[in-house]
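> Task: produce atomic coordinates for the following.
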Amino acid sequence: MTSDVNEGRRPVPTILQGQKALVTGANSGIGKATAIGLGRAGADVVVNYVFGKEAAEEVVEEIKSFGVRAYAHEADVSQEDQVVPMVARMVEEFGTIDIMVANAGLQRDAAITEMSVAQWQKVLDVNLTGQFLCAREAAKEFLRRGVVPEVSRSAGKIICMSSVHQIIPWTGHVNYAASKGGVLMLMQTMAQELAPKGIRVNAVAPGAIRTPINRSAWDTPEAEADLLRLVPYRRVGDPEDIANAVTVLASDLMDYVVGTTLFVDGGMTLFPGFATGG
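Numbering: from 1, shown residues only. Presented below is the predicted three-dimensional model:
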């Protein structure tokens, strides 16, 4: 394997050399770190975004610094007529797709008695339907192309971005928790259906991560201390923690991992409130 030494960066094995990846919601937060991590590992990357073109182009330039190809593509993942041409363009420009990271997601928070149908539907449309559409289009290409042994042992990889809230209820966020519970069944059912075709489907479930979507939970010492009561490992995660997990999960190092959710949460799903007996 070769290594990257551009701009004095720490050398990183290019475990995804020659592969083509698409990351949705990749102009900030977890998606940005993931797109950069895949590029550092040797993949050509499509940086999807729906708002924030300038930020997306900055991510593209950083990925290109690793000596791989990248471009930004604006598309709302909840809209079929935008997802289909996004993947078609990738196949045209890069020749195929090997890795789909369905990361795009959002929150529209409210108490259940105050939540509007629009708030409920928007979150389900992006967080769940968006993952379905992106996975479906990637799977079509994986099946068309089949396994290329010199590139990867699998025909393709789909990685769904879930959350600890696929199993932890979250008061005031019923739409978000429901969407992530849906992602769990979406991922497992796709994995069951597609594994015999040589396609690996898995999920990564972040816990408390320093991203813009949850800044209020960690951007003051008081807020961070309160948050850390829920994290046995006693630190808030960084987007790079998720990027590293996705990168390894997408590689042949994890070729026998199918239909699994990898929790990257510092132990949040250990229910730390019960550490002293409940």
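
> so where does the closest residue to Ser154 other than its chain neighbours fall, helix or strand?
Excluding the flanking residues, the one nearest Ser154 by C-beta to C-beta, 6 or more residues apart in numbering is Arg200, at 5.0 Å. Placement of C-beta: from N, CA and C, glycine included. In the assignment (DSSP states H and E), Arg200 maps to strand 199-206.

> mind listing the strands for the stretch 51-200 of the chain?
Ranges of strands within the stretch 51-200 of the chain are 70-74, 99-102, 156-161, 199-206, based on DSSP state E, counting those that start in this stretch.

> Nearest to Ala41, out of the ones you listed?
strand 99-102 (10.1 Å; C-beta to C-beta).

> The closest residue to Leu230 other than its chain neighbours and Gly31, how far apart?
Among residues not flanking Leu230 along the chain, Met268 sits closest, at 5.6 Å (C-beta to C-beta, 6+ apart). For Met268, the distance to Gly31 (C-beta to C-beta, to the nearest Å) stands at 21 Å.

> one step back: the strand holding Arg200 pairs with which strands, parallel or anti?
Counting by DSSP bridges, the strands paired with strand 199-206 are strand 156-161 (parallel), strand 261-264 (parallel).

> Which pLDDT value does the model give the residue nearest to Met161 when sequence neighbours are not counted?
Leaving out its chain neighbours, the residue that sits closest to Met161 by C-beta to C-beta, 6+ apart is Asn103, at 4.2 Å. pLDDT, Asn103: 98.

> Over to Thr14?
For Thr14, pLDDT reads 86.

> what does the one 3 residues further on give?
The model reports Gln17 with a pLDDT of 96.

> And Val204, by the same measure?
For Val204, the predicted pLDDT is 98.

> So it versus Val164, what's the distance?
Distance, Val204 to Val164, by C-beta to C-beta: 11 Å.

> Then Glu92?
Remark: distance between Glu92 and Val164 (C-beta to C-beta) = 38 Å.

> same deal with Arg234?
In terms of C-beta to C-beta, Arg234 sits 16 Å off from Val164.

> Between the two, which has more neighbouring residues?
Val164 (21 against 9; other C-beta atoms under 10 Å).

> quick one: contacts for that one?
Contacts here follow C-beta atoms under 8 Å, 6 or more residues apart in numbering; on that basis Val164 touches 205-207, 263, 265, 268-269.

> Next, count neighbours for the residue nearest to Ile15 when sequence neighbours are not counted.
Excluding the flanking residues, the one nearest Ile15 by C-beta to C-beta, 6+ apart is Ser251, at 4.4 Å. Other residues within reach of Ser251, judged by other C-beta under 10 Å, total 22.

> where's Ser251 relative to Gly37, distance?
When distance is defined by C-beta to C-beta, Ser251 is 11 Å away from Gly37.

> how many other residues sit next to the nearest residue to Val147 once chain neighbours are set aside?
For Val147, ignoring the flanking residues on the chain, the nearest one in space by C-beta to C-beta, 6+ apart is Ala155 at 4.8 Å. Around Ala155 there are 21 other residues, counting by other C-beta under 10 Å.
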